[in-house]
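K.L.:
Sequence below, structure please.
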Amino acid sequence: MGRIISIIISSILVFFGVLFLWGAFSPDGSPAWIVIGIITIAVAALIIWFGTRKKATTTTETQNVTLKIDLPGNVSLDSMKCKSCGGSLSAENVKMVAGAPLVTCPFCHTQYQLTEDPKW
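P.N.:
Residues are numbered from 1 along each chain as shown. The predicted structure follows:
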């Protein structure tokens, strides 16, 4: 809200500053109007600068994400074997990559996606 108000006030000041500069060069103008116009535009620039700068945040928040993998109902992690070499797999070998469970074999380094058979 303060940002919008500062832009509106600055726009009005710039408008009048330009009018003072323009009027200074008219036959009825005064050389002092140049100074007034420059000061008015400078004040508008300061208001825009102070009104639109971002406030520094000193608090750092950490966000913990817990990811739960829903394996098929009849899968036991104690009996999981690698499809390539038949090596024994544990829960540490299953990671979520791009929203899908990916298994990495610690023995042959084969990576494949876990597929879920229908539960019916």
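K.L.:
Who are the packing partners of the helix or strand of the chain with the lowest mean pLDDT?
P.N.:
Lowest by mean pLDDT, DSSP states H and E among the helices and strands of the chain is strand 94-97, with a mean of 82. Here strand 94-97 touches strand 100-104, going by 3 or more CB pairs under 8 Å, 6 or more residues apart in numbering; DSSP states H and E. C-beta coordinates here come from the backbone N, C-alpha and C atoms, glycine included.
K.L.:
ok, and what's touching the strand it packs on?
P.N.:
69, 71, 80, 82, 89, 93-96, 110-114 (CB atoms under 8 Å, 6 or more residues apart in numbering).
K.L.:
that older thread, and the least confident helix or strand of the chain, which residues are buried?
P.N.:
For strand 94-97, a neighbour-count test (16 or more other CB atoms under 10 Å) marks residue 94 as buried.
K.L.:
Let's see that strand as CSV, backbone CA atoms only.
P.N.:
Output in CSV follows, covering the C-alpha atoms of strand 94-97 (Å, rounded to 0.1, in the frame of the first residue of the first chain):
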residue,chain,number,x,y,z
VAL,A,94,14.9,-46.0,-2.8
LYS,A,95,14.8,-42.3,-3.5
MET,A,96,12.1,-40.0,-5.0
VAL,A,97,13.2,-38.4,-8.3
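K.L.:
Direction included, what does it pair up with?
P.N.:
Paired strands of strand 94-97, with direction, are strand 100-104 (antiparallel) (DSSP bridges).
K.L.:
buried set for the partner strand?
P.N.:
For strand 100-104, by 16+ other CB under 10 Å, it's 101, 103-104.
K.L.:
before we move on, what about stretch 5-16?
P.N.:
Neighbour-count burial for stretch 5-16 [16+ other CB under 10 Å]: 6, 10, 13-14.
K.L.:
What segments of this protein are helices?
P.N.:
Remark: helices assigned in the chain by DSSP state H are 2-24, 32-52.
K.L.:
now for the last one, which elements pack on it?
P.N.:
By that I understand helix 32-52. By 3+ CB pairs under 8 Å, 6+ apart, helix 32-52 packs against helix 2-24.
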